[in-house]
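1. whatever this is, show me its structure:
(one chain, ligands or ions: 1)
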Amino acid sequence: MSLLLKRKSTRKFTDQVISKEDITKMLKAAMQAPSAHNQQPWEFIVVDDRELLDKLSNVSPGAWMLKTVNVAIVPLILPTELSPHFSMQDLSAATLNILLEATNLGIGSVWIGVYPLKERVSHIEKVLNIKGDIHPFSMIALGYEEGNREIKLRYNESRVHFNKLEE
Ligand SMILES: Cc1cc2nc3c(=O)[nH]c(=O)nc-3n(C[C@H](O)[C@H](O)[C@H](O)COP(=O)(O)O)c2cc1C
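-> Numbering: from 1, shown residues only. A predicted model of the protein is given here:
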């Protein structure tokens, strides 16, 4: 099975700590993502402080799993002159690359949606001391999966069209 088909959201984690080397591999994957005009409008905060992770878990109902992991990566979106309209796509590509490298390393992950929801953005900015024209884009909770949740394949031929949509 291809790596892409093995990726899934993990929300139940063991206590096992992820090595610094593996965190670096995920950050390398993130920065290898395609971006419009190769602007790479990103930076990344690695959060492994228990108190900060607990505070971040309050950002939204879907962020509770941050309470249960030892580390998370928070991709930040930077202003870019050449192609500002594509920054969200650039950051999505970087976020997905982290999930895929995590899968490759046998690490479980889940993407927590942040940007552009103002309340979530400002909560995280306060917790992580992010100021100015740089904003949190997403959060990725990382850890080793407890159990092995089954993956359902989602390919749906009826969603595929050739050349034009039918009249
Ligand atoms: C933009 C975006 C935001 C998401 N936000 C959350 C979230 O806040 N909490 C969560 O548990 N999962 C979140 N997810 C994960 C989705 O729920 C998950 O990808 C989807 O249910 C499909 O399941 P799978 O990832 O296991 O294939 C998010 C995914 C994306 C792409």
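
2. going by C-alpha atoms from here, please, whenever you check contacts or count neighbours.
-> Will do.

3. report how many residues lie close to the nearest residue to residue 95 once chain neighbours are set aside.
-> Once flanking residues are discounted, residue 95 sits nearest to residue 30: 6.4 Å by Cα to Cα, 6 or more residues apart in numbering. Residue 30: 26 surrounding residues under other Cα atoms under 10 Å.

4. in which helix or strand would I find residue 30?
-> helix 20-31 (DSSP states H and E).

5. repeat that for residue 45.
-> Per DSSP H and E: strand 42-47 holds residue 45.

6. strand partners of that strand, parallel vs antiparallel please.
-> Strand 42-47 sits in its sheet next to strand 71-77 (antiparallel), going by DSSP bridges.

7. quick revisit: let's test this: mean pLDDT of the strand holding residue 45, rounded?
-> With pLDDT averaged residue by residue, strand 42-47 scores 98.

8. and the residue nearest to residue 95, how far from residue 158?
-> Distance, residue 30 to residue 158, using Cα to Cα, to the nearest Å: 32 Å.

9. show me how far the lengthiest helix in the chain is from its chain's centre.
-> The longest helix of the chain (DSSP state H) is helix 87-104. Put simply, helix 87-104 sits 6 Å off its chain's centre (Cα atoms, centre = their mean, to the nearest Å).

10. by contact count, what packs against it?
-> helix 3-6, helix 20-31, strand 71-77, strand 108-113, strand 138-143 (3 or more Cα pairs under 8 Å, 6 or more residues apart in numbering; DSSP states H and E).

11. out of the ones you listed, which is closest to residue 150?
-> Nearest to residue 150, of all the helices and strands packed on helix 87-104, is helix 3-6, at 9.7 Å by Cα to Cα.

12. now residue 136. Its backbone dihedrals?
-> phi -70, psi 140 (degrees, to the nearest 10).

13. could you report the neighbour count for it?
-> 26.

14. returning to that earlier point: list the buried residues of the helix holding residue 30.
-> For helix 20-31, burial by neighbour count (16 or more other Cα atoms under 10 Å) applies to 23, 26-27, 29-31.

15. for stretch 6-25, same thing?
-> 7-13, 23.
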